[in-house]
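Enquirer: here you go, sequence then predicted model.
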Amino acid sequence: MKTLYLDCFSGISGDMCLGALIDAGADPAMLEMELRRLPLSDWDMRAERETRRGITGTRVKIEVKEQHQPHRRFSEIRDLILGSPLPERVRDISTAIFQRLAEAEGKVHGVPAGEVHFHEVGAVDSIVDIVGISLALHFLKVEEVACSPVPAGSGFVECRHGLLPVPAPATAELLKGVPLRKLDVTGELTTPTGAAVVAALAESYGPLPEMTVEAVGYGFGSKDFGLPNFLRVFIGEAAGKKTAFESETVLVMEANIDDMNPQFAGHVMERLFAAGALEVFISPVYMKKNRPGFLLTALCRPGNRDALLQILFNETTTLGVRFGEERRAVLERRVEEVDSPYGRVRMKMALESGGRILKAAPEYEDCRKIALEKGVPLREVYEAALFEALNFKK
């Protein structure tokens, strides 16, 4: 499994992380080309090689030409990313990081995450840093992230609200559950963006894990704290046999409903799927006073949470929705078309780690359409397509 290890010996920020990933092999020209697909204007990205304290690495500078950029709420940034033509995995990673950042800022300022504002130039910087990091992880084929204990720093930092203690309140919120280590340095070593990257992506903490290192990168920060101010990353193959599945974090959302017209359920499901739900299902339940009702369950990625909540509150009679994060293992999947004796049929295929087809299922609607057109039993079309799929060679 391709693993990224974040060696945060002097902290982490968004630009340090992006610089380290570029230094480890992500092509800055490719990153900028993809970033230009976002509906943002008046910004430039420069990745420059620098040498500090005898170490050569990469410093990333995001320059915003127009200083009067619009304030953007998290919900607007999420829609901007999810509506872009970027790869799905990049959109998922980016929104997961922004979700963590918005939830932390929202808790500190007492507002819902969707209403958190990212102000002017800082919003553009954050979008380019976070989406750039997500693109770099995609290009480098990183599957798992591990992290060292994180030093937060000490003293005070100047921000829009004046002087605040280090770690800044949002950073402190993000670092809940993250092992910290003491470093006697005055200054902000870990920024909110850096903390959001760690909180959203790191699956384990500790020393460098067992791995065959393929690349090492150094990303320089903009400040000098009297010690080497850079993030070091290691990328390589983790020890052990690669599994046939990937693991990811999903939200499980649930609502008990006993006072809604059941005819509306299909409409609600369609809207949830359109908003990014990975799965929606309804289970019959008996509720208080022995009234029959149903349990509506939806699975989604963390970045789609607010959109699904809005639909559940607007389209159903529920007054509350339970949700929590869970881990799930998923097989690698792809959709291919196969030539059956009756015509072309789309197939959903699940693959083993070596690429061998483990499971396959014909697309029902394709089989049904062919069966009606050809006047043959649906079962025959389905079985013929399945036979071709199991002998499929790409």
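Expert: Received the coordinates, thanks.

Enquirer: which parts of the host helix or strand of residue 305 are buried?
Expert: Residue 305 is part of helix 305-315 when elements are defined by DSSP states H and E. By neighbour count with 16 or more other CB atoms under 10 Å, helix 305-315 contains the buried residues 305-309, 311-312, 315. No exception for glycine: its C-beta is placed from N, CA and C like everyone else's.

Enquirer: which residues touch that helix?
Expert: With contacts defined as CB atoms under 8 Å, 6 or more residues apart in numbering, helix 305-315 is touched by 75, 78, 99, 112-114, 251, 253, 255, 264, 267-268, 271-272, 275-277, 296, 298, 300, 318, 321, 323.

Enquirer: any idea of the mean pLDDT in that helix?
Expert: The predicted model assigns helix 305-315 a mean pLDDT of 94.

Enquirer: I'd like the next helix or strand past it.
Expert: From helix 305-315, the next helix or strand downstream (DSSP H and E) is strand 322-340.

Enquirer: and that following strand, which strands flank it?
Expert: strand 245-257 (antiparallel), strand 343-351 (antiparallel) (DSSP bridges).

Enquirer: distance to residue 182, mean neighbour count and mean pLDDT added to these, as CSV?
Expert: CSV is the format used below for the strands paired with strand 322-340 (distance: least, CB to CB, whole Å; neighbours: other CB atoms under 10 Å; pLDDT from 0 to 100):
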stretch, distance to residue 182, mean neighbour count, mean pLDDT
strand 245-257, 29, 17, 86
strand 343-351, 46, 18, 87
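
Enquirer: so where's this protein uncertain?
Expert: 66-70, 119-122, 160-161, 240-245, 352-355, 392-394 (pLDDT under 70).

Enquirer: ends of stretch 216-228, how far apart?
Expert: 16 Å (CA to CA, to the nearest Å).

Enquirer: who touches that stretch?
Expert: With CB under 8 Å, 6+ apart, stretch 216-228 has contacts from 9-11, 13, 15-25, 50, 52-53, 55-60, 153, 185-187, 189, 229-235.

Enquirer: and what of stretch 181-193?
Expert: Contacts with stretch 181-193, where a contact means CB under 8 Å, 6+ apart, come from 8, 10-14, 101, 104-105, 126, 129-130, 148-155, 157, 166-168, 170-171, 174-175, 198, 223, 225-227.

Enquirer: residues touching the closest residue to residue 249 other than its chain neighbours, list them.
Expert: Distance criterion CB to CB, 6 or more residues apart in numbering; nearest residue to residue 249, sequence neighbours excluded, is residue 325 at 5.5 Å. Residues in contact with residue 325 (CB under 8 Å, 6+ apart) are 249-252, 302.

Enquirer: what's across from the nearest residue to residue 23 once chain neighbours are set aside in the sheet?
Expert: The shortest distance from residue 23 to any non-neighbouring residue, by CB to CB, 6+ apart, is to residue 217 (3.4 Å). On the basis of DSSP bridges, residue 217 is bridged to residue 233.

Enquirer: gap between residue 217 and residue 19?
Expert: As judged by CB to CB, to the nearest Å, residue 217 and residue 19 stand 8 Å apart.

Enquirer: of the two, who's got more company?
Expert: residue 19 (33 against 24; other CB atoms under 10 Å).

Enquirer: just confirm that one contacts residue 60, I think it does.
Expert: Yes. Using CB atoms under 8 Å, residue 19 is in contact with residue 60, at 4.3 Å.

Enquirer: overlap in contacts, those two.
Expert: By CB under 8 Å, 6+ apart, the residues touching both residue 19 and residue 60 are 47, 219.

Enquirer: residues contacting residue 135?
Expert: Here residue 135 is in contact with 26, 30-31, 34-35, 86, 90 (CB under 8 Å, 6+ apart).

Enquirer: and the strands paired with strand 322-340 as a markdown table, adding distance to residue 142?
Expert: Shown next, in a markdown table, are the strands paired with strand 322-340 (distance: least, CB to CB, whole Å):
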| stretch | distance to residue 142 |
| --- | --- |
| strand 245-257 | 12 |
| strand 343-351 | 19 |
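
Enquirer: so which of those strands comes closest to residue 95?
Expert: Closest of the strands paired with strand 322-340 to residue 95 is strand 245-257, at 12.0 Å (criterion: CB to CB).
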